[in-house]
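# make a model of this:
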Amino acid sequence: MKKILLPICLLICTVMAVGKPLRVVSPNGRLSLEQQGRGYVVSCEGQQVLHLSQVGVTTSTIGEGLTFRRLVKRGKVKADYRMLAGKRLHPRNAANEYVCEYVDKNGMPVLLVFRLYNDGVAFRYELSGLKDERMKGEQTVYTIPEGTRRWMQPWRDSYEDFFPLATAGGKDQRIGFPALLEPKDDLYVLLSEANIERRQSAASLYNDGRPEDYRVCPDRNEVSLNGDWHTPWRVAIIGSLADVVQSTLVTDVSEPCRLTDTDWIQPGVVSWVYWAYNHGSNDYNIIKMYVDFAATLHLPYVLIDAEWDEMKDGKTVVDAVDYAKSKGVKPMIWYNSSVGWLDGAPGPKFRLNKAEDREREFAWCEAIGVAGVKIDFFSGDNQMNMDYCLDLLESAARHHLLVNFHGAPIPRGWQRTYPNLLSTEGVYGAEWYNNKPTLTTRAAAHNATLPFTRNVIGPMDYTPCAFSDSQHPHITTHAHELALTVLFESGLQHLADRPQSILAQPREVHHFFSQLPAAWDDTRLVAGKPGEYAVVARRSGDTWYVAGINGSDAARTIPLHTDFIKMSKKSIQSFTDSGDSASPWVIRTIDRLPSSVSCQPRGGFVYVIQRK
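Numbers count the residues shown, from 1 in each chain. A predicted model of the protein is given here:
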């Protein structure tokens, strides 16, 4: 029977031989992929939006001089899974998968696998039969014509920089993912990558040849490769801005959850000491203040940040943990990863690097009642860092610890595979009010860019919401700051401001924080343009939150199109700006959402819509 089935299965596959036009499509036909020269072009509704002008991957001995042989349709791929946090708790997607078969100059096979989803394209290279090979490089090139509007972040190992609008590339640029392009009016492409596994490094884009060419450059990877191996998925989310913002493509192509027990993983809002008190976590009395604040507002978590190993006045971190537990607040604690910033950096250090030390430390955390760990100061995208992050996630899961990576590379799908990873920094966030005056004047436009760039690909620990000032002032309004807690998705939403500032706000604001979700059943883009304004609606159960911000220094009327919110009888609480610094809030209960909102310069608004 098996001998009969094998040829039948082979006949089912669609095979295109050399010389025939190569054109494949997404399930709904909206996206198409065609071979062009040494690469491929992707079109959306007939308009070319992405040009892969060159493809290929090389190891020590494999991959040089590729020759295309044929294309085979593997079949359909379905994504239908559950998340514990994120923009959508039940993502669904489907793709057509195709394999482009190449051979190198020695006759060794190199497979280029494409998946065409309705909202984007993912591709990776697959190699087999490797024997002590080393990763040499990748030849993938995105050709982005001059004049194309793009929002690209200069690469930093911490991924903390801005996404300025430009229409041309520079010289010798290194660009960090994600990168947002507008190749056609109102058609967008967001480039990133997904599903980093062991024996892999992450990648960035280099613009070091022709100004239009951005090559995918994997970071250092010095491990020996044996057997079967593949690259991470290169991802291009394609469509309208709503398609980009609402896409779950990064997790759709990532490995399924590897944890069998996830009941202990609970997203939530966090009381956070660092923004107002840089060294506050070595002061037991300051930690108590943040614990009491969390208890007052019914926030589930408090973070005890750096330097808890140097607690003053004879107290220890165990005393702080015990106090938090006595108040019904779950404590999290900070660690230095000890692979990035070391000299002059805070501790505790070198407690997680060796497997036996890491297991002992996380077992101790579990024993004393710590709910999670924030791990900081990584050193970039290399394979060593990627494997180390996976070691940390797996060890933390064994000891029922939530994880927040800080000073770390962007998320690339691990939030699906290891759902105890509830947040990652990888963003120029509110913490920078402590460091430089730069954010003061740039925050509003930057905040209105992040929903279309960094936050698309995964949770973002921006640490939002500051009504008062840290070392450097903010000039965004109160409603703008409140809106960030909904606009920015993070499974652990750390509130930046000091307790006395938040507690001085109206009781409606207190209630807002007490009820604020950190995981969402659905996410919709309502309106927006990168760097100008952004309005996002998120649903938790039967409650919708609609949050918007003005990214400009001038007043703006923002349209609201919310027909998708289907409630015949509803109660809406609105938070808007008064324009009066002495009495900044306008908080009302209304029966229907307006069709537009007049926004103050750098202002914002939030509507909480509940069923009556």
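# when you work out contacts or count neighbours from here on, use the C-alpha atoms and nothing else.
Fine.
# and Asn455, that one's in a helix?
Yes - counting by DSSP: H, G, I helix; E, B strand; the rest coil, Asn455 is part of a helix.
# pLDDT score assigned to it?
Confidence at Asn455, expressed as pLDDT, is 98.
# surely it and Phe488 touch.
Yes - counting by CA atoms under 8 Å, Phe488 is a contact partner of Asn455 at 6.8 Å.
# just give the nearest non-adjacent residue to Pro499, would you?
Phe293 (5.9 Å; CA to CA, 6 or more residues apart in numbering).
# what strand or helix carries the one you found?
Using DSSP states H and E, the element containing Phe293 is helix 284-297.
# that helix: how far from the chain's middle?
The chain centre lies 29 Å from the centre of helix 284-297; the measure is CA atoms, centre = their mean, to the nearest Å.
# now do that helix: everything it contacts.
Contact with helix 284-297 is made by 270-273, 280-281, 300-302, 304, 311-312, 315-316, 320, 323-324, 327-329, 499, 510-511, 513-514, as judged by CA atoms under 8 Å, 6 or more residues apart in numbering.
# which strands or helices does the helix or strand just after it pack on?
Remark: after helix 284-297, the chain's next helix or strand is strand 301-304, criterion DSSP H and E. Identification of packing neighbours for strand 301-304 by 3 or more CA pairs under 8 Å, 6 or more residues apart in numbering; DSSP states H and E yields strand 268-272, helix 284-297, strand 330-336.
# quick check: angle from the second one to strand 330-336?
Interaxial angle, helix 284-297 versus strand 330-336 (axes from the mean of the first three to the mean of the last three CA atoms, to 10 degrees): 140 degrees.
# CA atoms of helix 284-297 as PDB?
Coordinates of each C-alpha in helix 284-297 appear next as PDB, following Å, rounded to 0.1, in the frame of the first residue of the first chain:
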ATOM      1  CA  TYR A 284      13.200  48.900  51.600                       C
ATOM      2  CA  ASN A 285      11.000  51.800  52.500                       C
ATOM      3  CA  ILE A 286      10.700  52.900  48.900                       C
ATOM      4  CA  ILE A 287       9.800  49.400  47.800                       C
ATOM      5  CA  LYS A 288       7.100  49.300  50.500                       C
ATOM      6  CA  MET A 289       5.600  52.500  49.100                       C
ATOM      7  CA  TYR A 290       5.300  50.900  45.600                       C
ATOM      8  CA  VAL A 291       3.900  47.700  47.100                       C
ATOM      9  CA  ASP A 292       1.300  49.800  49.000                       C
ATOM     10  CA  PHE A 293       0.500  51.700  45.800                       C
ATOM     11  CA  ALA A 294       0.000  48.400  43.900                       C
ATOM     12  CA  ALA A 295      -2.300  47.100  46.700                       C
ATOM     13  CA  THR A 296      -4.300  50.300  46.700                       C
ATOM     14  CA  LEU A 297      -5.000  50.100  43.000                       C
END
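# that one: which residues count as buried?
By 16 or more other CA atoms under 10 Å, the buried positions in helix 284-297 come out as 284, 287-295, 297.
# would JSON lines of those with pLDDT and distance to Glu101 be doable?
Output for the buried residues of helix 284-297, formatted as JSON lines (pLDDT from 0 to 100; distance: CA to CA, whole Å):
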{"residue": "Tyr284", "pLDDT": "98", "distance to Glu101": "62"}
{"residue": "Ile287", "pLDDT": "98", "distance to Glu101": "59"}
{"residue": "Lys288", "pLDDT": "98", "distance to Glu101": "62"}
{"residue": "Met289", "pLDDT": "98", "distance to Glu101": "62"}
{"residue": "Tyr290", "pLDDT": "98", "distance to Glu101": "58"}
{"residue": "Val291", "pLDDT": "98", "distance to Glu101": "58"}
{"residue": "Asp292", "pLDDT": "98", "distance to Glu101": "61"}
{"residue": "Phe293", "pLDDT": "98", "distance to Glu101": "60"}
{"residue": "Ala294", "pLDDT": "98", "distance to Glu101": "57"}
{"residue": "Ala295", "pLDDT": "98", "distance to Glu101": "59"}
{"residue": "Leu297", "pLDDT": "98", "distance to Glu101": "58"}
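# out of those residues, the closest to Thr557 would be?
Leu297 (32.9 Å; CA to CA).
# mind checking how far that closest one is from Lys327?
According to CA to CA, to the nearest Å, Leu297 stands 12 Å off from Lys327.
# hang on, the earlier thing: can you add distance to Ser568 and give the buried residues of helix 284-297 back as CSV?
Shown next, in CSV, are the buried residues of helix 284-297 (distance: CA to CA, whole Å):
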residue, distance to Ser568
Tyr284, 50
Ile287, 45
Lys288, 45
Met289, 43
Tyr290, 40
Val291, 40
Asp292, 40
Phe293, 37
Ala294, 35
Ala295, 35
Leu297, 31
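# closest to Ser379 out of those?
Ile287 (29.0 Å).
# and Leu495, which of the helices and strands packed on strand 301-304 is closest to it?
strand 268-272 (5.8 Å).
# off-centre distance for that closest one?
Distance, centroid of strand 268-272 to centroid of chain: 18 Å (CA atoms, centre = their mean).
# now for it, which elements pack on it?
helix 284-297, strand 301-304, strand 492-495.
# so that strand versus helix 284-297, what angle?
150 degrees.
# quick one: mean pLDDT over strand 268-272.
For strand 268-272, the per-residue pLDDT averages 98.
# give me the sheet partners of that strand and which way each runs.
strand 301-304 (parallel), strand 492-495 (parallel) (DSSP bridges).
# how about Lys105, nearest residue that isn't a chain neighbour?
Gly65 is the one closest to Lys105 (CA to CA, 6+ apart), at 5.0 Å.
# ditto for Glu138
Val57 (4.2 Å).
# one more: Gln493?
Closest to Gln493 by CA to CA, 6+ apart is Val269, at 4.7 Å.
# ok, now how distant is the one you found from Ser490?
Taking CA to CA, one finds Val269 at 9 Å from Ser490.
# comparing the two, which residue is more hemmed in?
Just comparing Val269 and Ser490: by other CA atoms under 10 Å the higher neighbour count belongs to Ser490, 31 against 24.
# any idea which helix or strand carries the residue nearest to Lys105?
Counting by DSSP H and E, Gly65 is part of no helix or strand.
# still on that earlier bit, next, format the helices and strands packed on strand 301-304 as JSON lines and append distance to Ala519.
Shown next, in JSON lines, are the helices and strands packed on strand 301-304 (distance: least, CA to CA, whole Å):
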{"stretch": "strand 268-272", "distance to Ala519": "8"}
{"stretch": "helix 284-297", "distance to Ala519": "18"}
{"stretch": "strand 330-336", "distance to Ala519": "18"}
